[in-house]
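Enquirer: can you look at this prediction? I've put the sequence above it.
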Amino acid sequence: MKKTTLFRKLINDPEILVLPGAHDALTARVIEKTGFKAVTCGGYSLAASLLGKPDIGLLGMKEMADQYRNMVEAVDIPVFADGDTGYGDVNNVMRTVREYEKAGVAGLFIEDQVFPKRCGHMEGKNVIPAEEMVAKIRAAVYAREDEDLVLMARTDALAVHGIDEAIRRGNLYAEAGADLIFIEAVCTVEDMKRVNAGISKPTLANMIEGGKSPLLTNKELEEIGYNAVVYPCTLTYAVTKASLECMEVLKNTGTTAGYMSNLVSFEEFFRFIGAEEIRKKEKTFY
């Protein structure tokens, strides 16, 4: 089964699809190895990983597509990608879809923020007119070659214009051809229920630790009506904390010997990263 077809099926299955976020090919492998059915990766974590910068629209489309290509090659599960604002007008949106599709992603989303955009849980966001976003979605639908490629529309209108406008936009974007709708930074369980009662297409929830949305269990989100949930920052936060702790041990003690229980071993990493299979394959050519 094509990864696009599988990803579409997973979204439409009765059980909520859980998408942890990677920030590189290594963390994508971690997600796959622990048994998740799909992986996502957003600009927030990629900006941190590649640039050491916050998510303020600094990464270009080709930089993002290159990273998605690496992830697709590293794992066998579907990769769901962040298309930002589409990087411009409808022509840029079409190129984004084609480049991401060539990279092998199973789905992608574009959003209605004004460029340069911000992380959805930051203050000071603005959104473009709904009609402009509708045109972008139509362009994305036109540009995709694989009809099973999942296109999600994200709206940040809730923080700017309120819940009613966010729902209105969600439905406009669904009518324009979006397969999945994401209303960002919903702040209460009551509003989450309103979103799912009011949106005509499958919906996605965003769980950011310390963000604006309440941190619910996957089961609770499923019962509210969400079809998918992303955890875009969890691994990035975990890796940052573990790295700081590890380097503090090295700085303060002059050795990592006291930190060994928190590390995978040389041999464990050798197996995890797939080196054994590569060595076996090499021998078949001699």
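Expert: Done, it's in.
Enquirer: okay, buried residues for stretch 249-259 please.
Expert: Using 16 or more other CB atoms under 10 Å as the test for burial, stretch 249-259 gives 249, 259. For every residue, glycine as well, the C-beta is placed using N, CA and C.
Enquirer: start to end distance for it?
Expert: When the termini of stretch 249-259 are compared using CA to CA, to the nearest Å, they are 7 Å apart.
Enquirer: quick one: it to chain centroid distance?
Expert: The chain centre lies 35 Å from the centre of stretch 249-259; the measure is CA atoms, centre = their mean, to the nearest Å.
Enquirer: please apply the same query to stretch 160-169.
Expert: 22 Å.
Enquirer: just the C-alphas of it, formatted as PDB.
Expert: These are the backbone C-alpha positions of stretch 160-169, laid out as PDB (Å, rounded to 0.1, in the frame of the first residue of the first chain):
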ATOM      1  CA  VAL A 160      -7.300  36.700  16.100                       C
ATOM      2  CA  HIS A 161     -11.100  36.600  15.400                       C
ATOM      3  CA  GLY A 162     -12.500  34.100  17.800                       C
ATOM      4  CA  ILE A 163     -14.000  30.600  17.700                       C
ATOM      5  CA  ASP A 164     -16.900  31.200  15.300                       C
ATOM      6  CA  GLU A 165     -14.700  32.700  12.600                       C
ATOM      7  CA  ALA A 166     -12.200  29.800  13.100                       C
ATOM      8  CA  ILE A 167     -15.000  27.300  12.500                       C
ATOM      9  CA  ARG A 168     -16.300  29.200   9.500                       C
ATOM     10  CA  ARG A 169     -12.900  29.200   8.000                       C
END
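Enquirer: what's it in contact with?
Expert: Stretch 160-169 is contacted from outside by 112, 125-127, 130, 133, 155, 157-158, 183, 186, 191, 194-195, 198-199, using CB atoms under 8 Å, 6 or more residues apart in numbering.
Enquirer: buried subset of those?
Expert: 112, 125, 127, 130, 133, 155, 157-158, 183, 186, 191, 194-195, 198-199.
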